[in-house]
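[1] Based on what follows, work out the 3D shape:
(one chain, ligands or ions: 1)
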Amino acid sequence: MGDLKPLLAVLGGEARAVPPIWLMRQAGRYLPEYQELRAKAGSFLDTCYNPQTAARITLQPIERFGFDAAILFSDILVVPDALGQKVWFETGHGPRLIPLESDRDIEALAENFDLGKLSPVFETIDRVKGELPKSVTFIGFCGAPWTVASYMIAGRGTPDQAPARLFAYRRPEAFARLIDILVEASTAYLIRQIDAGVEVLQLFDSWAGVLPAHEFERWVAEPLRKIIAAVKAARPGVPIIAFPRGGATHLSRLAGTLGADALGLDTAIDPDWAVKEIPAGPALQGNLDPLALLAGGPALDREIDSILRSFAGRPHIFNLGHGVLPETPLEHVSQLIERIRGTGN
Ligand SMILES: Cc1c2[nH]c(c1CCC(=O)O)Cc1[nH]c(c(CCC(=O)O)c1C)Cc1[nH]c(c(CCC(=O)O)c1C)Cc1[nH]c(c(C)c1CCC(=O)O)C2
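    Next up is the predicted model:
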């Protein structure tokens, strides 16, 4: 037990006095060394598909901060790309895709799916795995079907994913087909990531919070359940973290029904509520406000301490409630890690 990597120990149900820590979007624009590599590497998607650069970027936050986990540098929108939908990233505007419209557009995805297109990602994994310090866990990921579908329908980021929500109400059969295609493609993609060398998977459902209860069950919970069951059947023993952002009170039910080894909590979840209302089983991951990390100072210390107090005694992975913001000062990340590991003062 003592020589398990800290993150794997907690995913196996162990509560640690010093929780393992990693941050969503830990490889990214707040790091000058990331900016430097990105400036040389062409488009964002080209960067994701350049194994040498993507491996370097994956390792950067480990080298600088010594996090307990490395997360593969890639994006959730490589799956639509492998399904043959055109995807690109416009600087300052985020992702763009040619929006799906007809039933034919959706059926074409299943016909065009080519996991081989993602072979650079598997090569990145292969390069990273040999370079990690032995206490560091390697996390692979994909977007959850609902979140990925919401970008595929809208063709861009939107404030509330209204285009996909409307599509799902108006054409539920077509939307269900799209979700099924994504369940299948994501399952195959995750299995290949495991075979390439990741040790844990995280499913990002960033837009789970915009749906009413019945839609949440159908488009968030059910597809997540199917992917988790299929991956676990194919590759038993690989822990899975589900992050349904905005999952709110649904989380208390998902704990026992999703099959995930950990649930990610977003910033809005009260940790005391989570500890009381989410049944024991999955570890809990989260949920420092990314803006507290950006702010730093005594406010950051106070938020860290309060989170540590609330989750004490429970298997807990320290993380943010959403991704690191690009303006975040590097010293604040050091402050966070030192405070958690007790080397601060
Ligand atoms: C919704 C979503 C996307 N991508 C992702 C999600 C789910 C998590 C979330 O909600 O944040 C997931 C993601 N995106 C990225 C990672 C890499 C690993 C990590 O460090 O966490 C991960 C896990 C890199 C990235 N993905 C993106 C960047 C910035 C690209 C750049 O360098 O300009 C990075 C480092 C671009 C991206 N990619 C996406 C958007 C909306 C954007 C533009 C907005 C933004 O920049 O934050 C889609």
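[2] The protein against the ligand: which residues are in contact?
    Applying CB under 6 Å from any ligand atom, we find that the chain lies next to the ligand at 24-29, 38, 44, 71, 73-77, 89, 94-95, 141, 143, 157, 204, 206, 323. For every residue, glycine as well, the C-beta is placed using N, CA and C.
[3] Identify the spatial nearest neighbour of S135, chain neighbours not counted.
    K5 (5.4 Å; CB to CB, 6 or more residues apart in numbering).
[4] Next one: that neighbour from P133, what distance?
    The spacing between K5 and P133, counted by CB to CB, to the nearest Å, is 10 Å.
[5] Tell me the confidence at the nearest residue to P133 once chain neighbours are set aside?
    Leaving aside its chain neighbours, P133 sits nearest to I62 (7.1 Å; criterion: CB to CB, 6+ apart). The score at I62 is 98. That number is its pLDDT.
[6] ok, how many other residues are close to I62?
    I62 has 22 neighbouring residues, counting by other CB atoms under 10 Å.
[7] Which one's more surrounded, K5 and P133?
    K5 (20 against 12).
[8] got the contact list for whichever residue of the stretch 151-300 of the chain sits closest to the ligand?
    Distance from the ligand to each residue of the stretch 151-300 of the chain (CB to the nearest ligand atom) is smallest for S206, at 3.1 Å. Taking CB atoms under 8 Å, 6 or more residues apart in numbering, we find S206 in contact with G143, T147, F243, R245, H322.
[9] what residues does the strand or helix carrying R253 touch?
    If you go by DSSP states H and E, R253 is part of helix 250-257. By CB under 8 Å, 6+ apart, the list of residues contacting helix 250-257 from outside reads 208, 213, 216, 220-221, 225, 242, 244, 247, 260, 263, 265, 269, 274, 277-279, 281-282.
[10] Tell me the buried residues within the residues you listed.
    Burial of these was assessed by neighbour count (16 or more other CB atoms under 10 Å); the buried members are 208, 216, 220-221, 225, 242, 244, 247, 260, 263, 265, 269, 274, 278, 282.
[11] which regions of the chain lie under the pLDDT threshold?
    1-2, 343-345 (pLDDT under 70).
[12] Could you identify the longest helix within it?
    Criterion DSSP state H: the longest helix present in the chain is helix 172-196.
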